[in-house]
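Enquirer: fold the following and give me the result.
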Amino acid sequence: QVQLQESGPGLVKPSQTLSLTCTVSGGSITTNYYYWSWIRRPPGKGLEWIGYITYSGSTNYSPSLKSRTSISRDTSKNQFTLQLSSVTPEDTAVYYCARAGSILRVTTTPFQYDYWGQGTQVTVSS
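Expert: Numbering: from 1, shown residues only. Down below sits the predicted model:
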């Protein structure tokens, strides 16, 4: 059973960098051919795909967030990390990490991820 767990600060100040880590257990993030994504849900809105890192370490980001987003991984710890720079209150959301076994419906709803983390609330406020 694959499990994903998000961790990171729940409060970030405007203009700072949001940093979240997803720790994966029950499976390796380097196993072919999985896509490991970050997704968020702002209050009162739908799910928004942020970006992914693949089993081989390739990355892809949402065009609307690309200039501020970086996803990396630590294979020794079986973790992948999201960094979102220059945050504003509009970046307040519940952030999820998730795994998909196919490129289909990875970036657009309805998402087809087979495993999700429980989500972590991040609030951007001074």
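Enquirer: residue closest to the middle of the protein?
Expert: The residue lying closest to the centre of the chain (CA atoms, centre = their mean) is residue 38, at 1.8 Å.
Enquirer: if that one is in a bridge, with which residues?
Expert: Taking DSSP bridges as the rule, residue 38 bridges to residue 51, residue 97.
Enquirer: going forward, begin numbering at 50 instead of 1
Expert: Renumbered: residue one is now 50, and that last one reads residue 87.
Enquirer: so it touches residue 96, yeah?
Expert: No - contact between residue 87 and residue 96 fails when scored by CB atoms under 8 Å: they sit 11.1 Å apart. In short, each C-beta sits where N, CA and C put it, glycine included.
Enquirer: give the intersection of the neighbour lists for those two.
Expert: Both residue 87 and residue 96 are contacted by residue 145, under the criterion CB atoms under 8 Å, 6 or more residues apart in numbering.
Enquirer: just to revisit the earlier point, who are the contact partners of the residue nearest to the centre of the chain?
Expert: 69, 71, 98-101, 120, 131, 144-147.
Enquirer: switch the cut-off to 6 Å
Expert: 99-100, 131, 146 (CB atoms under 6 Å, 6 or more residues apart in numbering).
Enquirer: any idea of the pLDDT on it?
Expert: pLDDT for residue 87: 98.
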